[in-house]
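Novice: Mind folding the following:
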Amino acid sequence: MKRLEAPNAQAGSCPPVLQPKYNLRTNPYLCTTVCLVIVFFGTAVPEAVAEESSEKPFVEPYISAFFMRSEPTYGRYKYLEDSIPSVTVGSGSGGGFKVGGYARPYNYAFGLELEGFAHGGKLSAPRTTVGGVPRSANQDFTMVNMMLNVLARYKGDFIQPYAGGGVGLTGVFTDGMAQSAGGTQSGLHGLTGLAMQAIAGARVTLTQHVYAFAEYKYLVSSSELDNCGDERDKPGNTCRILNELTYQSHYATVGVGFNFW
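Specialist: Modelled structure (predicted):
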């Protein structure tokens with residue numbers, strides 16, 4: 001029996017074409033594996049990257065500064081527990097700051113902010129005499145408020161209206177003269193107390209991080225100064241309230257802010 005031998009390649013003829021060992025058309029297992037890899041990297045990986053890139057911080061923080069104008073609607077002033085009639089509280093200008101943030105739930109609709117502002121004004125009352133007792137006031141004052149506000153907003157792309165309210169501390173520094181049935185007072189004095197306010201406003205987006213805003217607020221405060229000192233908690237003390245101021249005012253505010261996220 002003769003052994004078959006491959007014929008010698010003739011000169012000028014092409015060598016036989018080598019078939020690849022792993023052919024996608026002829027190897028179903030390899031074809032399936034490659035398809036799964038393509039599907040994974042084509043769908044699962046981009047989705048994971050998108051999830052990671054779209055992850056938002058829990059709080060959207062911001063800081064802002066503003067200019068404000070007060071328009072008081074009511075003022076009542078007492079010296080040594082005697083009310084001075086016909087008190088007029090003049091308007092004043094000032095400014096302040098806000099530091100706060102909106103929380104991620106409900107698409108950053110609800111937030112908290114710490115707000116501080118100060119402004120000047122004038123407190124006056126014409127001289128009146130009742131029962132032989134003269135009463136009058138002529139004082140310049142500076143009011144300082146530190147408030148904690150709760151806000152709710154609609155997060156639009158360009159305009160973001162918001163509303164809320166806050167409570168906090170107030171301080172009033174007076175400089176001038178007050179006269180009542182208790183006597184006459186002059187010089188610089190400081191009153192402290194509590195305040196609350198209602199807020200409504202709107203943000204306007206300028207850039208990705210910078211915005212402008214306009215705001216209306218109505219504030220009510222009550223402050224006083226006494227001479228208790230360390231005797232406040234002692235039984236039988238002789239404390240007296242020297243000054244009392246009840247104050248209500250409209251405020252118009254404009255400012256700019258920076259959104260960190």
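Novice: From the contact counts, what lies against the helix or strand hosting residue 217?
Specialist: Applying DSSP states H and E as the criterion places residue 217 in strand 210-226. If you count contacts as 3 or more Cβ pairs under 8 Å, 6 or more residues apart in numbering; DSSP states H and E, strand 210-226 packs onto strand 59-79, strand 133-153, strand 159-180, strand 183-205, strand 241-259. C-beta: built from backbone N, CA, C; applies to glycine.
Novice: Go ahead and confirm residue 192 touches residue 173.
Specialist: No - here residue 192 lies out of contact with residue 173, judged by Cβ atoms under 8 Å, at a distance of 10.0 Å.
Novice: In terms of packing, which of those two has more residues around it?
Specialist: Set side by side, residue 192 and residue 173 show more neighbours around residue 173, with 17 against 14, by other Cβ atoms under 10 Å.
Novice: helix/strand/coil for residue 106?
Specialist: The local conformation at residue 106, judged by DSSP: H, G, I helix; E, B strand; the rest coil, is helix.
Novice: Tell me how many other residues crowd it.
Specialist: 10.
Novice: same question, the one 4 residues further on
Specialist: Around residue 110 there are 16 other residues, counting by other Cβ under 10 Å.
Novice: Wait, it touches residue 103, no?
Specialist: Yes - between residue 110 and residue 103 there is a contact at 5.9 Å, judged by Cβ under 8 Å.
Novice: Report pLDDT for the closest residue to residue 242 other than its chain neighbours.
Specialist: Among residues not flanking residue 242 along the chain, residue 225 sits closest, at 4.9 Å (Cβ to Cβ, 6 or more residues apart in numbering). You'll see residue 225 listed with a pLDDT of 92.
Novice: Just list whatever residues bridge to residue 225.
Specialist: Beta bridges link residue 225 to residue 243 when assigned by DSSP bridges.
Novice: neighbours around it, how many?
Specialist: Count around residue 225 with other Cβ under 10 Å applied: 19.
Novice: Was I right to think it contacts residue 243?
Specialist: Yes - Residue 225 lies in contact with residue 243 (Cβ under 8 Å); the separation is 4.4 Å.
Novice: got any residues that touch both of those two?
Specialist: Listed contacts common to residue 225 and residue 243 are 189, 191; contacts here mean Cβ atoms under 8 Å, 6 or more residues apart in numbering.
Novice: rewinding a little: in the strand holding residue 217, which of the residues would be classed as buried?
Specialist: Buried residues in strand 210-226, counted by 16 or more other Cβ atoms under 10 Å: 211, 213, 215, 217, 219-223, 225.
Novice: Quick one: distance of it to the chain centre.
Specialist: Centroid separation between strand 210-226 and its chain, computed with Cα atoms, centre = their mean, to the nearest Å, is 13 Å.
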